[in-house]
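In: Can you look at this prediction? I've put the sequence above it.
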Amino acid sequence: MEVLNREEIDAFWIDGYLFLEDAVPAEKLAALSSQFNTWVDESRSHAEPFGSTLDGRPRFDVEPGHSAEAPALRRIASPTELSEAYLDVMRSSIAVDAAAQLIGPNVALNHTKVNSKLPGAGTEVKFHQDFLFEPHSNDDMITVLYFIDEVTMQNGPLEVLPGSHLGPLYEHWHEGLFTGAVSESVVGKAKDHLVSCLGPAGSACLMHGRTLHGSAPNLSDRPRTLFICAYRAEDCRPLQVSHVPSVHEGEVLRGEATNRVRCSESNMEYPEVPTGASFFNQQERHTVDM
């Protein structure tokens, strides 16, 4: 099904991102929100990251300072393995149809996760490019960020650098350490050109895998929770083990399986496979000041 017009398709390839309204119907959005609230309540009984993913790492990540009274659940890896509501949206949203128009017709799942900034949470997402965390045979990769909550200027919106998907792959290793972020000099050059992705709950932002992006902490009294699905062209094949493994990885969602691999040129250092609950741990370990 075609959901994007020619102008929207061109805008995505020029800017490296595209805002999509009404990506999640109201009843499905309510189910996502209710399930997430259940997970937040579950996190109150844990003092540290908990649960387990396919590779044995914690599924639920909480930021330092998390407590029963002030929960700070910030990451859920592969929620589609736990919830039919999340699995349904991952498969059925019109954003998947949009991805098929952009990088299809054959589209497969890469991974899913929930990133949340609850009120009072201090976690920021340092600027990075997703492709530097997940090297593949080509870069026809789109991350869809489904807005479970309204995203405003105050609650830590996604910020993107338009056109950066057409530019270089920036180093995420610094002084021999994988920081999961670009250098401050790169951020400094980008800061005057960043665009905030704002919108009501149920919206989505489609972002190319090379687009430079980050987000600030939530400074409001309202949550900012995103259900994030990374999709790829079916012939875009992983070159490293998934950092967010799932039983649904590689599922063909639109089109058909071709058993082919398509290669394009890129040059990057292999990322460090995380040993903690999420890439937030990698970003917190190091300060990038070069």
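Out: Received the coordinates, thanks.

In: any idea what sits nearest P119, other than its immediate chain neighbours?
Out: What sits nearest to P119 in space, not counting adjacent residues and going by CB to CB, 6 or more residues apart in numbering, is D221, at 4.9 Å. (C-beta placed from N, C-alpha, C; glycine too.)

In: Report pLDDT for that neighbour.
Out: Per-residue pLDDT puts D221 at 94.

In: Over to P64?
Out: pLDDT at P64 comes out at 89.

In: Next, count neighbours for it.
Out: P64 has 9 neighbouring residues, counting by other CB atoms under 10 Å.

In: which residues in the stretch 101-250 of the chain form helices?
Out: Secondary structure of the stretch 101-250 of the chain by DSSP state H, counting those that start in this stretch: the helices cover 184-190.

In: In the protein, where's the longest helix?
Out: Longest helix of the chain, by residue count under DSSP state H: helix 26-43.

In: which helices and strands sit right next to that one?
Out: strand 60-62, strand 73-77, helix 84-92, strand 107-117, strand 224-233 (3 or more CB pairs under 8 Å, 6 or more residues apart in numbering; DSSP states H and E).

In: how about 10 Å then?
Out: Packing partners of helix 26-43 (3 or more CB pairs under 10 Å, 6 or more residues apart in numbering; DSSP states H and E): strand 60-62, strand 73-77, helix 84-92, strand 107-117, strand 141-147, strand 224-233.

In: thinking again about what came up before, number of residues surrounding the residue nearest to P119?
Out: Neighbourhood size, D221 [other CB under 10 Å]: 9.

In: who are the neighbours in contact with the closest residue to Q240 other than its chain neighbours?
Out: Leaving out its chain neighbours, the residue that sits closest to Q240 by CB to CB, 6+ apart is P135, at 5.5 Å. Counting by CB atoms under 10 Å, 6 or more residues apart in numbering, P135 makes contact with 169, 238-240, 266, 268-271.

In: For the residue nearest the centre of the chain, list each beta-bridge partner.
Out: By CA atoms, centre = their mean, the chain has its centre lying nearest to I228, at 4.6 Å. Assessed by DSSP bridges, I228 has beta-bridge partners K113, L145.

In: can you pull the contacts of it?
Out: 75-76, 79, 90, 111-115, 130, 143-146, 204-205, 207, 244.

In: Buried residues, stretch 239-258. List them.
Out: Of the residues in stretch 239-258, those with enough neighbours to count as buried (16 or more other CB atoms under 10 Å) are 242-246, 248-249, 251, 253-254.

In: What of stretch 217-230?
Out: Quick answer for stretch 217-230 (16+ other CB under 10 Å): 217-218, 223-230.

In: what do you get for stretch 38-45?
Out: So, applying 16+ other CB under 10 Å, buried residues of stretch 38-45: 39-40, 43.

In: Give me the contacts around it.
Out: Outside stretch 38-45, the residues that reach it (CB under 10 Å, 6+ apart) are 49-51, 59-62, 66-74, 76, 79, 82-83, 114, 116, 118, 223, 225.

In: how about the strands in the stretch 101-250 of the chain?
Out: Here the stretch 101-250 of the chain has its strands, by DSSP state E, counting those that start in this stretch, at 107-117, 125-128, 141-147, 158-160, 173-174, 177-178, 195-197, 204-208, 213-215, 224-233.

In: Could I get those strands in JSON lines, plus columns for mean pLDDT?
Out: Listed next are the strands of the stretch 101-250 of the chain as JSON lines, based on pLDDT from 0 to 100:
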{"stretch": "strand 107-117", "mean pLDDT": "97"}
{"stretch": "strand 125-128", "mean pLDDT": "94"}
{"stretch": "strand 141-147", "mean pLDDT": "98"}
{"stretch": "strand 158-160", "mean pLDDT": "97"}
{"stretch": "strand 173-174", "mean pLDDT": "92"}
{"stretch": "strand 177-178", "mean pLDDT": "90"}
{"stretch": "strand 195-197", "mean pLDDT": "98"}
{"stretch": "strand 204-208", "mean pLDDT": "98"}
{"stretch": "strand 213-215", "mean pLDDT": "96"}
{"stretch": "strand 224-233", "mean pLDDT": "98"}
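
In: Thanks a lot, catch you later.
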